[in-house]
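K.L.:
Mind looking at a prediction? Sequence and model below.
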Amino acid sequence: MHRSKITSKGGPDGGDGGRGGHVIARGNRNFWTLLHLKYRKHVIAKPGEPGTGQHKHGADGADEFIDVPLGTVIRDAETGEVQVEITDDGQEVIITPGGRGGLGNDHFKSSVRQAPRFAQPGEDGLEEWKILELKLLADVGLVGFPNAGKSTLLSVVSAAKPEIADYPFTTLRPNLGMVSHRDDRSFVMADIPGIIEGAAEGKGLGLRFLRHIERNPVLLFLVPADSDDIAQEYKTLLGELEKFNPELLTKERILAISKADLLDDELQEEMTAELAAEGLSPLYFSSVAQVGLTALKDRIMQAIDRPI
């Protein structure tokens, strides 16, 4: 066995190997989508360096960072289990750890094995598939059937420019808008594609967008004034949310009647009395006529400020 000239007895002096690099997800408030990862299917961190003589530890492998927008949920592709939710700027979470470094031969010396000629290799790195899913982070989410006036409301109270037309499912992707209010306060409103009966089972645009309102502390239910049965429509929406995730019903809920410019005072009083019999207390507004918007924003701000 080679005897080092600077080691008088020439015992084992192999250092430990460095660990493999981690793959780390990092929250970044400057990102709003996951499009920058569309063509980056494989993320490979660097391996660790081997240990050397004189008990020198090998360098750890360089970590690989994936910047993601706030609201990103990371799932295991095989089990579907949620591994982590990124909600804070700068938050770092190891989603795939690097393998442990090997042990040098110095660990295996003993009174009967004074010069071990073997060491323990490091662990192989993990190969895993992860699913990154973005959930919108907003203060209030708009819930309603197609053509309930959700996109029109968002376009009037914020600078957002969602597509608006007189046919169902005009909105095909979620939209966010910053709504300014009195005393220099503001809140974020999220408009998602309309819900239809059976959405929780995947009908319409179904589960694809229902997940976006899981993060909203306040849900604003919009039912148009010309609906055949406002109370029943509201109950249907509640039922779809309950099927999708019962915890959604614990959130603050506001019922608002859109297109209120179609109602005269007598009709509105009659409608209010009918809904009161069902235990409902709606607000009335018209995005086109810009009537009742301030009262609506006041109610939303009160719901946001209410302690959970």
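P.N.:
That came in fine, so what should we check first?
K.L.:
Which stretches in the protein count as helices?
P.N.:
For the chain, the helices defined by DSSP state H cover 150-157, 207-210, 230-244, 265-277, 293-305.
K.L.:
Pull stretch 179-188 out as PDB, backbone CA atoms only.
P.N.:
What follows is stretch 179-188, C-alpha atoms only, in PDB (Å, rounded to 0.1, in the frame of the first residue of the first chain):
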ATOM      1  CA  VAL A 179     -59.200  46.800  -8.900                       C
ATOM      2  CA  SER A 180     -58.600  50.200  -7.300                       C
ATOM      3  CA  HIS A 181     -60.800  51.300  -4.400                       C
ATOM      4  CA  ARG A 182     -61.200  54.200  -2.000                       C
ATOM      5  CA  ASP A 183     -58.400  55.200   0.400                       C
ATOM      6  CA  ASP A 184     -55.800  54.100  -2.100                       C
ATOM      7  CA  ARG A 185     -56.600  50.400  -1.500                       C
ATOM      8  CA  SER A 186     -56.900  47.800  -4.100                       C
ATOM      9  CA  PHE A 187     -57.600  44.100  -4.600                       C
ATOM     10  CA  VAL A 188     -57.000  41.500  -7.300                       C
END
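K.L.:
Tell me the buried residues in that stretch?
P.N.:
Of the residues in stretch 179-188, Val179, Phe187, Val188 count as buried by neighbour count, 16 or more other CB atoms under 10 Å. The C-beta positions use only the backbone N, C-alpha and C, and glycine is treated the same way.
K.L.:
Name the surrounding residues that touch it.
P.N.:
Contact with stretch 179-188 is made by 137-140, 157-158, 176-178, 189, 297-298, 300-301, 304, as judged by CB atoms under 8 Å, 6 or more residues apart in numbering.
K.L.:
of all those, which comes closest to Gly125?
P.N.:
Leu137 (32.6 Å; CB to CB).
K.L.:
Distance check, the residue nearest to Pro12 when sequence neighbours are not counted against Tyr234.
P.N.:
Using CB to CB, 6 or more residues apart in numbering and skipping residues adjacent in sequence, the residue nearest Pro12 is Asn105, 4.3 Å away. To Tyr234, Asn105 is 72 Å away according to CB to CB, to the nearest Å.
K.L.:
Quick check on these two: which one has the bigger neighbour count.
P.N.:
Under the criterion of other CB atoms under 10 Å, the comparison of Asn105 against Tyr234 puts Tyr234 first, with 23 against 19.
K.L.:
Thought Val223 was touching that one, still the case?
P.N.:
Yes: if you go by CB atoms under 8 Å, Tyr234 and Val223 touch, sitting 5.8 Å apart.
K.L.:
any shared contact partners between those two?
P.N.:
Between them, Tyr234 and Val223 share these contacting residues under CB under 8 Å, 6+ apart: Leu255.
K.L.:
from the contacts of stretch 179-188, which two are the most distant?
P.N.:
The most widely separated members of the contacts of stretch 179-188, counting by CB to CB, are Leu137 and Asp298 (22.7 Å).
K.L.:
who has more neighbours, those two?
P.N.:
More neighbours surround Leu137 than the other of Leu137 and Asp298, with 16 against 13 (other CB under 10 Å).
K.L.:
for Lys259, what are its contacts?
P.N.:
Gly149, Pro224, Ala225, Asp226, Ser286, Val288.
K.L.:
Which ones among those residues map onto strands?
P.N.:
In this view, these that belong to strands under DSSP state E are Pro224.
K.L.:
tell me the two of the contacts of Lys259 that are most distant?
P.N.:
In the contacts of Lys259, the most distant members under the criterion CB to CB are Asp226 and Val288, with 13.2 Å between them.
K.L.:
quick revisit: for the helices of the chain, which one ends up most surrounded?
P.N.:
The highest mean neighbour count among the helices of the chain, using mean count of other CB atoms under 10 Å, belongs to helix 150-157: a mean of 23.
K.L.:
which residues does the closest residue in space to Asp124 that isn't next to it in sequence contact?
P.N.:
Computed as CB to CB, 6+ apart, the closest residue to Asp124 that is not its neighbour in sequence is Gly99, at 5.6 Å. Gly99 is in contact with Arg19, Gly20, Gly48, Gly122, Glu123, Asp124, Gly125, Leu126, counting by CB under 8 Å, 6+ apart.
K.L.:
Show me where this protein dips below the pLDDT cut-off.
P.N.:
1-11, 14, 111-112, 114-115, 118, 136-137, 160-173, 194, 196-209, 307-308 (pLDDT under 70).
K.L.:
Thank you, goodbye.
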